[in-house]
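Peer 1: Need a 3D model of the sequence below.
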Amino acid sequence: MKSLMLLWKMLAFESASWCYTSATLDWKTVQRRCKHEGLSFLTITLPTYGKDFEKSLDRGKVDHDVFLSFEKHAGLPKFLSGFLGLVFDRTSGVLLDEASIDSIRAIRQLTLMFAKMKLPCTPARERAAFTQYIQCEQDVRESDACTSQSLKTDFESVATLLFGSTFASMDRKVYEGQMPAPKHGPGATAEKLSSNAKYRHLTWPARLDEHFPLVENVLPSASYWEELDDVDILEPGAEIPVRVISVPKTLKTPRIIGIEPAAMQYAQQSVLALMMDGLRESNYLSSMLGFRDQTPNQRMAEEGSRLGNLATLDLSEASDRVSNQHVRLLFDRFPHLSGAVQACRSRKADVPGHGVKRLAKFASMGSAICFPVEAMVFLTIVFLGIQKSLNTSLSRRHLYLFARSVRIYGDDIIVPVDHVNEVVGMLHAFGYVVNTGKSFWNGKFRESCGKEYYDGMDVSLVRVRHRFPTRPQHATEVISIVSLRNQLYWAGYWKTCQWLDERIKGIIKYFPVVLSTSPVLGRQSVLGFETQRIGTHLHNPLVKGYRVLAKIPDDYLDDWPALLKFHLRYAREDVEERHLARNGWVEVEQGSYRTLIDDGHLERAGRPLSVDTKLGYGSAV
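Peer 2: Down below sits the predicted model:
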């Protein structure tokens with residue numbers, strides 16, 4: 001923790017020099033409180049201060065219900081008062097007309113940079129997170145019971161207006177058996193199978209068979225029909241439940257995700273490809289729904305902070321509050337598409353400490369189709385709110401009218417400020433919780449998809465993700481601190497980077513200057529790169545340093561499962577390359593699919609179990 005405290009000190013003093021103020025007393029406060037509160041002061045208490053600061057920016061003043069953990073003087077906290085005085089009036093606490101952008105950026109950096117460190121929670125906090133998962137299930141059921149029939153009818157009507165033609169095309173493809181080829185990903189499964197073992201896993205839920213026929217999806221061809229004798233057909237009551245686990249998120253609370261059974265994951269990938277292809281073909285939907293590129297949301301957040309015309313909304317527990325009843329309404333008029341979606345949805349989850357529970361939610365985070373389906377549900381509710389605000393029935397003209405001012409990326413929602421109150425009210429009516437601490441529409445501050453802006457100026461921060469390493473063998477931490485150093489460098493914290501450079505050199509001896517595209521762990525600089533040697537074959541500049549090694553696990557696959565994997569990879573590659581060529585996607589994405597059928601994929605597969613570093617010469621560019 002001492003290293004993290006020293007990092008805070010370096011950033012505080014460098015930020016103070018930018019803002020012509022002092023951080024000496026602030027540093028003494030950090031020392032005193034870390035001594036008594038430990039790491040939680042940096043990872044929990046300071047982030048709470050940062051969120052209160054953002055809330056005050058949105059309100060335009062410092063109220064009495066914020067900064068409760070810090071002593072105040074004349075309305076403002078004493079901690080970081082030198083910076084706060086350049087943003088708020090020291091007497092009244094009202095936001096200044098010409099608030100210092102450097103001070104806003106500094107306060108956010110100093111209070112929020114440790115908020116998302118990947119640290120394990122205490123067992124008590126982990127148990128509380130699983131209990132909240134169960135409570136969320138109960139909330140979804142209660143919300144379903146309270147939703148009026150008229151609201152459901154309006155939801156279905158707006159969903160048809162938004163997605164009618166797109167869903168009709170998808171529905172026809174499902175009916176005609178033209179679903180995209182399924183695939184197995186490298187992720188974990190509820191059965192804890194290795195990556196290649198999924199292809200020889202002969203368990204198939206009976207519910208899948210109508211839309212994903214067993215012979216066409218489990219075997220490489222019908223000539224292997226004899227293998228069907230070994231397939232275990234699972235009736236609905238015997239299906240494998242989703243395995244609910246926690247993964248590190250913050251020290252305050254873990255992230256709860258669901259790991260799907262292999263067969264469900266397999267089928268979900270087919271439905272996902274169908275949805276992605278269909279949504280991309282719609283002009284207005286492709287501009288309002290984002291699944292890969294976050295930059296449109298970030299640009300709109302900048303516009304909203306500058307002009308005040310757009311609001312940024314964030315939902316709490318967004319995935320876990322998407323009711324399956326909402327999804328049924330979404331696809332209700334398209335029975336074949338709805339049947340395929342419901343067939344690959346897991347109905348039960350095994351929650352640690354609570355046993356196997358039947359799910360009211362559509363899917364936990366971890367389902368392949370959770371992300372696009374929740375985005376479509378949110379978009380429908382947003383337009384329900386806009387319809388209520390306009391006090392008129394929506395038409396296709398309205399969709400094109402709002403195509404540049406409405407955007408959904410997961411649970412990051414952007415809507416026009418003129419309609420934000422009705423949109424928030426409609427989200428609440430359907431059982432969703434708008435996170436008021438991360439939703440902004442009153443002041444000049446906006447946040448969306450990892451970028452924050454105030455009055456059109458970027459005030460995003462650099463986050464610390466891991467503890468600092470103490471030995472070269474701590475590969476993950478070494479990679480993280482090098483990344484942190486380079487991010488701080490491009491953010492302008494050059495004095496802090498000089499301090500970090502000395503610490504990094506004390507851990508890894510070789511730390512050359514390289515470009516961001518170099519495979520060598522090194523320092524990035526506006527001055528370019530250094531050259532220590534010229535490559536024999538390519539005549540490229542080489543430097544001596546550490547490169548990241550991530551060994552793919554050994555996972556041997558042969559016989560008909562190997563043939564199945566080859567056919568599926570070839571089919572998906574063909575589909576993706578046709579799509580990429582049609583829509584002008586970059587070459588790199590095509591290459592990532594070609595590597596899937598490389599010669600080594602039947603001997604090694606899956607995600608690396610660990611990372612390591614290796615010393616040697618590598619390209620500096």
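
Peer 1: next helix or strand past the lowest-mean-pLDDT helix or strand in the chain?
Peer 2: Sorting the helices and strands of the chain by mean pLDDT, DSSP states H and E puts helix 587-594 at the bottom, at a mean of 31. Following helix 587-594 in sequence order, the next helix or strand is strand 612-619 (DSSP states H and E).

Peer 1: Show me which parts of that following strand are buried, residue by residue.
Peer 2: Buried residues in strand 612-619, counted by 16 or more other Cβ atoms under 10 Å: Asp612, Thr613, Gly618, Ser619. In short, each C-beta sits where N, CA and C put it, glycine included.

Peer 1: In the longest helix that the chain contains, which residues are buried?
Peer 2: Ranked by residue count under DSSP state H, the longest helix found in the chain is helix 149-175. The neighbour-count check on helix 149-175 (16+ other Cβ under 10 Å) flags 151-152, 154-163, 166-167, 169-171, 173-174 as buried.

Peer 1: do stretch 107-122 as well
Peer 2: 107-117, 119, 121.

Peer 1: Just put these in TSV and tack on distance to Ala360, secondary structure and pLDDT.
Peer 2: Shown next, in TSV, are the buried residues of stretch 107-122 (distance: Cβ to Cβ, whole Å; DSSP: H, G, I helix; E, B strand; the rest coil; pLDDT from 0 to 100):
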residue	distance to Ala360	secondary structure	pLDDT
Ile107	41	helix	97
Arg108	37	helix	97
Gln109	41	helix	97
Leu110	42	helix	97
Thr111	37	helix	97
Leu112	34	helix	96
Met113	38	coil	96
Phe114	36	coil	95
Ala115	31	coil	93
Lys116	29	coil	91
Met117	33	coil	91
Leu119	32	coil	85
Cys121	26	coil	84
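
Peer 1: just those residues now: which is nearest Phe445?
Peer 2: Arg108 (9.7 Å; Cβ to Cβ).

Peer 1: which one is that closest one nearest to, not counting chain neighbours?
Peer 2: Residue nearest to Arg108 in three dimensions, not counting chain neighbours: Leu461, with 5.0 Å by Cβ to Cβ, 6 or more residues apart in numbering.

Peer 1: and the nearest residue to Gly290 once chain neighbours are set aside, what are its bridge partners?
Peer 2: Closest residue to Gly290 apart from its sequence neighbours, by Cβ to Cβ, 6+ apart: Tyr409 at 4.0 Å. Per DSSP bridges, the residues bridged to Tyr409 are Asp412.

Peer 1: what's near enough to touch Tyr409?
Peer 2: Tyr409 sits next to Leu289, Gly290, Phe291, Gln294, Pro296, Asn297, Ala375, Ser448, Cys449 when contact means Cβ atoms under 8 Å, 6 or more residues apart in numbering.

Peer 1: And it, how close does it get to Val459?
Peer 2: 20 Å (Cβ to Cβ, to the nearest Å).

Peer 1: and what of Arg333?
Peer 2: For Arg333, the distance to Val459 - Cβ to Cβ - is 45 Å.

Peer 1: In space, what's closest to Val459 - neighbours in sequence excluded?
Peer 2: Arg105 (4.4 Å).

Peer 1: so who does the one you found touch?
Peer 2: Ser15, Val459, Leu461.

Peer 1: Arg407 too?
Peer 2: Ser287, Met288, Leu289, Gly290, Pro296, Asn297, Met300, Ile413, Ile414.

Peer 1: I figured the fourth one was touching Asn297, is that so?
Peer 2: By that I understand Gly290. Yes. Using Cβ atoms under 8 Å, Gly290 is in contact with Asn297, at 6.2 Å.

Peer 1: In three-state terms, label Leu315 for me.
Peer 2: strand (DSSP: H, G, I helix; E, B strand; the rest coil).

Peer 1: That one and Ile408, how far apart?
Peer 2: From Leu315 to Ile408 the distance is 10 Å (Cβ to Cβ).

Peer 1: Tell me the secondary structure at Tyr510.
Peer 2: Here Tyr510 is recorded as coil under three-state DSSP.

Peer 1: That one contacts Gln532, doesn't it?
Peer 2: No. Applying Cβ under 8 Å, one finds Tyr510 not in contact with Gln532, separated by 9.6 Å.

Peer 1: Can you pick out the residue with more neighbours from those two?
Peer 2: For Tyr510 versus Gln532, the count of surrounding residues by other Cβ atoms under 10 Å is larger for Tyr510: 16 against 13.

Peer 1: Next up, the contacts around the more buried one.
Peer 2: Contacts of Tyr510 by Cβ under 8 Å, 6+ apart are Lys544, Gly545, Tyr546, Leu615.

Peer 1: Now, of the residues you listed, which are buried?
Peer 2: By 16+ other Cβ under 10 Å, the contacts of Tyr510 give Lys544, Gly545, Tyr546 as buried.

Peer 1: In a markdown table, list those along with pLDDT and distance to Pro248.
Peer 2: Below are the buried ones among the contacts of Tyr510 laid out as a markdown table (pLDDT from 0 to 100; distance: Cβ to Cβ, whole Å):
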| residue | pLDDT | distance to Pro248 |
| --- | --- | --- |
| Lys544 | 94 | 34 |
| Gly545 | 93 | 29 |
| Tyr546 | 92 | 25 |
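
Peer 1: between these, which is nearest Thr253?
Peer 2: Checking these against Thr253 with Cβ to Cβ, the nearest one is Tyr546 at 33.9 Å.

Peer 1: The closest one - nearest residue in space that isn't next to it in sequence?
Peer 2: Computed as Cβ to Cβ, 6+ apart, the closest residue to Tyr546 that is not its neighbour in sequence is Thr613, at 4.2 Å.

Peer 1: what's the spacing between the one you found and Ile507?
Peer 2: Distance, Thr613 to Ile507, using Cβ to Cβ: 11 Å.

Peer 1: between these two, what contacts are shared?
Peer 2: The contact sets of Thr613 and Ile507 overlap at Pro472, Val478 (Cβ under 8 Å, 6+ apart).

Peer 1: Helices of the stretch 401-550 of the chain, start to end?
Peer 2: Counting by DSSP state H, counting those that start in this stretch, one finds helices in the stretch 401-550 of the chain at the ranges 420-429, 475-490, 494-505.

Peer 1: Which among the ones you listed is found nearest to Tyr224?
Peer 2: Smallest distance to Tyr224 across these (Cβ to Cβ): 42.4 Å, for helix 475-490.

Peer 1: which residues touch the closest one?
Peer 2: Identification of contacts with helix 475-490 by Cβ under 8 Å, 6+ apart yields 11, 462, 464-469, 472, 496-497, 500-501, 503-504, 507-508, 516, 521-525, 546, 548, 610-613.
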